[in-house]
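J.: Coordinates for the following, if possible.
(chains A and B)
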Amino acid sequence: METTLHFPGHTAWSLAVVSLLAVAGVAVFLWRLRPGRGRRLLAGLRLAALGGVLLGYLQPAVRVEEVLRARSPVLVLVDESASMQARGADGQRRAERVADFFRRNSGWSDDLEQRHDVRWFACSDHARPVDRESLEAPLPPRGASTDLEACLVSAVASIPSREVAGVLLVTDGADPDETTPRRRDRPAGSRSLGSLWVLLASEPEEPFRDVAVAAVGGLEFVPARNLAEVRVRIEAAGVGSRAVTATLSLDGEVADSKEVRLPPQDGAVEAPLSFLPREPGRHVLEVAVPVLDGEASEANNRAQAAITVVRDRLRVLHVAGHPSWDERFLREALRQRRGVEMVSFHTLRDPEVTPDLPADDTTLLIPFPAEEIFVRSVESFDLVVLQDYELPEADRERFAASLERYVRGGGGLLFFGGSFTLGAQGPWPDHLASLLPVLKPRTPRRGMMSGRFEATIPIRARGHPVFARRDGPRSLIERIQAAPPLPAIHALEGVAPGAETVIEAVGGEGEGVSGDLSTDEGRRPLVVVSRHGKGMVGLVATDTLWRWAFDPATGRLYPDLLDGLVAYLTKDPEALPLRVRVERDLVAPGQVFGVEGFAAGVAAEVTARIERAVGPGGFEPTGVEGSARTDAGGRAVFRFVADGSGVHRVVVTARAWGEERTASDVFVVGPDPAEASRVAATGRAAQALVQRFGGEVHTLSAPALDRFHPRGESAVRTGAHVEFPIWDHPSVLLLILTALGLEWYLERRLGQG
Amino acid sequence: MVQVTTDGLPPARPDAALVLAQEVRARTAVQVRLDRVVVPLQSRAVFESPFLLWVGDRALPPLEDREVANLHGFLTAGGFLLVDNAGEGAGLGAFDRGLRAQLRRAFPGRTLQPVPADHVLMRTFYRVTSVAGRRATYGEVEGLTLDDRLALVYSRNDLTGAWSRDGFGNWEFEAVPGGPSQRESAIRLGVNLVMYALLLDYKDEQAHVEYLLKKRRLRPEDLPDRTR
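T.: Okay, the predicted model is just below:
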């Protein structure tokens, strides 16, 4: 309890004014009194009367208030940012030094807790409460970056109604803010931090050796199948001039490497690296330099980023063996497809067929640039369409090998049949055997099979992504099955191992249908797809599909089917029935992030699980998973907390479209690149804090804890109080009247009037 | 190559399509069926072949509604129609007037327009500078454009007359006034018409191919070298 005199209804100003008036009045009274007997008595009486008037005017009361005495709050904040993993000259990590410090000074901590209300925090870009015991072990890296001021703000905000008595901040003194100051919407404010004691986990002038991939630039816009130039900045300190090899990997495969010479003094060097992104979507890019002996940090010798490769245009190479209606309608449909940039080559005249016709200037024929398109430029295309076309005989094997590399690397290849290819007018293209998704007929035959071939979709293929676009899979399937019969298809032995028939041709009558080439139940592969390395291959075993384009009754069947086929072969992410996207490329450890799954056209239960990378291309479950049902728009949203570090992926699974499908997206868990790379502990950020808030900076080895004296107890007013007025008693009035009466009597009696 | 007839009229220049098919086959890589096929315009069989030849040499009676619908459907679905006016004297004008009237029915608001000399049709295989047929009366052919492509080409120079052979393989008519060179020009125009129907503006595209390839050329020396 605390007792105070209280003047209700009066402010300090009004009290001051009344006091001044009272003093002035007394002075006038005293000045007017003549010297003589009873002067002092009269003055006393006048003062007593004035005091009584003041008492009545000010109406004082005695306030009895409840006040709690509490131990004052002290904040202990320990840096857990990535730079705390850097090693000192003794080989010990900064986080280990901090843990040692708290173990060594546990008695001091006990004492501090006895005297104060100690709040323990780990901090990076914000403070999070931790147990005191957890600080006696090295803290794993967490958070996006070091932001000591933001840490202080959030820690202080956790005790809104109390005055902070002191702050002990343990950090390594490395703060990216030194080089790239942050814009602060909410600065630390005016709340006092009491006694601020900063302890640095690294010693001043401590030898420091480090090579870091400091920045990887040029990844803002990465179009597929364009050579991407990457600007890599490598920073070195304390290692002298020496050559190191910078290596760039994409999805775990080395794409480029360059040897660069580090500067003789501490500084940076640029390493221009490049890679060819073949597929749109999110990919993991890593730039690494070797770890040298005695480096402060190995973690910053590699920089990982999840990059988004976009397909600005679909680049199609269309090579046709000869002009035909199938070629004409295919080319038109491809050209009309949104975002297609197409390069077409057609053999307008075959020298072997018309050897006597001179290529004079009456014709406008150009040599076919086979070397250019099949070797030099093939990688720049998303899809190569070979329509009724045989590779040039002269370099057939080399061109086939180039196409094989192209597909294995992620390219799309689409064969269209016809009278010049697939053994219809010559030998089977054995040089393409590894790429073709169909098998060579055991019995060679000339020409194609003719008759009436109805298209049908095998039951197992009805959920295939080829049919997943536009009006929904069922409608496209129905339209295909209702399409006019085709008059000719290729005679094939069947599909290659691993290939999948998505459209079959059934039945038929007339020439070529009977014989030993028919497959089970008269079903023959018409459209076949297969995976080949990272790429896709498709084959249309007819040159009469144009009839579906030309028949007005089929509507948009032909372009829709072609659209689905092209989207599937080029792995268009937007064409997949099940998709997933992590909201950020880079997620800080401990950060909450969103994942959005999308199931096209169906309501489905979608599960999502987080996996971490283990070696190139390999992933293992982390045990973190969730499930959600898609909303009306087909979306299912998940929230996860990032844990660990490095490359991760989220895998979503949905059972719909008659089967279970999965999709995945990659992301990187780690700090900001600047935090990861700049581990040099200058302590400048800590000094700036001390200059701003007052306090001292010391090191863990000489912490001067005996001088760390936060304020003692703090009073917390609960607001409960009782007031006793002391002016409204009748004796006050009696006092005034008595004083005034006596003063009047004596004044006349003593001759002072 | 299919010849179309209307209202039971016998096909004029019945061998011309076969001769043109033979020439296309001999001169280009196009695989052409060498059989004579004649289909009535009112038949759905017109949708079996996207290239139709229509030769007229006399007054054209009004087409039946079914014929107009097929003509419209054929051309808008992507088909190509070569119309040749083989008429002489009054027959030339009569067919001309009848054709234009029927086209107005099938494509209201659209009219035949002269095909400019620099149109890709004139260089789709041969560099063609003459549009003469058996005669060289008119210096241009006309066309109907749909969706940025020539869907119909109309010649009034009796183009098919220059292609026609008799049963012994001899040229049936003399090409006047140019003689053999005029006939060769007519055949080349015929080849270009077939190639245009198949390739449309492919030749225009070729002008950009070098640029497109150069723009994105990934030569081995440009690609990242893993061993350097």
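
J.: Now tell me what touches stretch A:385-403 from outside.
T.: Contacting residues not belonging to stretch A:385-403 are listed as A:316-322, A:324, A:326-327, A:330, A:334, A:347, A:368, A:370-371, A:374-375, A:378, A:384, A:413-421, A:426, A:429, A:431-432, A:435, A:543 [Cβ atoms under 8 Å, 6 or more residues apart in numbering or on different chains]. Where you see a C-beta, it was placed from the backbone N, CA and C, and this is true even at glycine.

J.: Buried subset of these, written for ChimeraX?
T.: With 16 or more other Cβ atoms under 10 Å in any protein chain shown as the burial test, the buried ones among the contacts of stretch A:385-403 are selected in ChimeraX as follows:
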select /A:316,317,318,319,320,321,322,324,326,327,330,334,347,370,374,375,378,384,413,414,415,416,417,418,419,420,421,429,431,432,435,543
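
J.: near chain B, from the contacts of stretch A:385-403?
T.: A:321-322, A:324, A:327, A:347, A:419 (Cβ under 8 Å from any Cβ of the partner chain).

J.: out of those, who's nearest B:Val46?
T.: The nearest member of these to B:Val46, counting by Cβ to Cβ, is A:Ser324 at 18.8 Å.

J.: so that closest one makes contact with B:Leu199?
T.: No - between A:Ser324 and B:Leu199 there is no contact under Cβ atoms under 8 Å: 10.0 Å.

J.: shaky segments in chain A?
T.: A:37, A:161, A:176-191, A:350-367, A:469-474, A:508-521, A:601, A:657-658, A:714, A:751-753 (pLDDT under 70).

J.: so where do the helices sit in it?
T.: A:12-32, A:39-58, A:94-104, A:106-115, A:148-157, A:325-336, A:370-371, A:396-408, A:473-481, A:546-550, A:557-569, A:673-677, A:684-693, A:730-749 (DSSP state H).

J.: and the last one with helix A:12-32, angle?
T.: For the pair helix A:730-749 and helix A:12-32, the angle between their directions (axes from the mean of the first three to the mean of the last three Cα atoms, to 10 degrees) equals 20 degrees.

J.: Which neighbouring elements make contact with the top helix by length along chain B?
T.: Ranked by number of residues, the top helix in chain B under DSSP H is helix B:180-199. Here helix B:180-199 touches helix A:325-336, helix B:16-27, strand B:80-85, helix B:159-163, going by 3 or more Cβ pairs under 8 Å, 6 or more residues apart in numbering or on different chains; DSSP states H and E.

J.: go again using 7 Å as the cut-off
T.: Packing partners of helix B:180-199 (3 or more Cβ pairs under 7 Å, 6 or more residues apart in numbering or on different chains; DSSP states H and E): helix A:325-336, helix B:16-27, helix B:159-163.

J.: Just the CA trace of the last one, in PDB.
T.: Written as PDB, here are the backbone C-alpha positions of helix B:159-163 (Å, rounded to 0.1, in the frame of the first residue of the first chain):
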ATOM      1  CA  LEU B 159      -6.000 -22.400-117.300                       C
ATOM      2  CA  THR B 160      -7.200 -26.000-117.500                       C
ATOM      3  CA  GLY B 161      -7.300 -25.600-121.300                       C
ATOM      4  CA  ALA B 162      -3.500 -25.200-121.200                       C
ATOM      5  CA  TRP B 163      -3.200 -28.400-119.200                       C
END
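
J.: can you tell me the residue of the stretch 551-700 of chain A closest to chain B?
T.: A:Pro552 (4.9 Å; Cβ to the nearest Cβ).

J.: Wait, that residue touches B:Leu75, no?
T.: No - using Cβ atoms under 7 Å as the test, A:Pro552 is too far from B:Leu75 to be in contact (10.7 Å).

J.: Now A:Lys440: closest residue in space that isn't a chain neighbour?
T.: A:Trp428 (4.4 Å; Cβ to Cβ, 6 or more residues apart in numbering or on different chains).

J.: any idea how far the one you found lies from A:His532?
T.: 18 Å (Cβ to Cβ, to the nearest Å).

J.: When the two are compared, which one has more neighbours?
T.: A:His532 (22 against 17; other Cβ atoms under 10 Å in any protein chain shown).

J.: Quick check: closest non-adjacent residue to the more buried one.
T.: A:Val407 (4.8 Å).

J.: what about the one you found, neighbour count?
T.: Using other Cβ under 10 Å: A:Val407 sits among 24 other residues.

J.: distance of it from chain B?
T.: Using Cβ to the nearest Cβ, to the nearest Å, A:Val407 is found at 16 Å from chain B.

J.: That residue contacts A:Gly533, doesn't it?
T.: Yes - the pair A:Val407 and A:Gly533 qualifies as a contact (Cβ under 7 Å) at a distance of 6.3 Å.

J.: Pull out the buried positions in stretch B:116-129.
T.: For stretch B:116-129, the neighbour count (16+ other Cβ under 10 Å) marks B:119-126, B:128 as buried.

J.: Likewise for stretch A:638-652?
T.: Quick answer for stretch A:638-652 (16+ other Cβ under 10 Å): A:638, A:640, A:642-643, A:645, A:647-652.

J.: before we move on, back to that, the more surrounded of A:Pro552 and B:Leu75?
T.: The neighbour comparison of A:Pro552 against B:Leu75 (other Cβ under 10 Å) goes to B:Leu75, with 22 against 14.

J.: one step back: ok, and which of the helices and strands packed on helix B:180-199 has the densest surroundings?
T.: Scoring these by mean neighbour count under mean count of other Cβ atoms under 10 Å in any protein chain shown gives helix B:159-163 as the most buried, with a mean of 30.

J.: Need the residues that contact that one.
T.: The contact list for helix B:159-163 (Cβ atoms under 7 Å, 6 or more residues apart in numbering or on different chains) reads B:13, B:16, B:19-20, B:55, B:84, B:86, B:133-134, B:173, B:175, B:183, B:186-187, B:189-190.

J.: Now the stretch 351-500 of chain A against chain B: closest residue?
T.: For the stretch 351-500 of chain A, Cβ to the nearest Cβ, closest residue to chain B: A:Ser380, 4.0 Å.

J.: Name the residues that touch stretch A:223-233?
T.: A:213-219, A:222, A:246, A:248, A:268, A:270-280, A:287, A:309-312, A:315, A:379-382, B:216, B:218, B:222.

J.: and the residue in chain A that chain B sits nearest to, what are its bridge partners?
T.: Residue nearest to chain B within chain A: A:Asp256 (3.3 Å; Cβ to the nearest Cβ). In this entry, A:Asp256 is beta-bridged to A:Leu248, by DSSP bridges.

J.: try A:Val67
T.: Beta-bridge partners, per DSSP bridges, of A:Val67: A:Arg717.

J.: Tell me how many other residues crowd it.
T.: By the criterion of other Cβ under 10 Å, A:Val67 has 12 neighbours.

J.: In this structure it contacts A:Glu2, no?
T.: Yes - counting by Cβ under 7 Å, A:Glu2 is a contact partner of A:Val67 at 4.5 Å.
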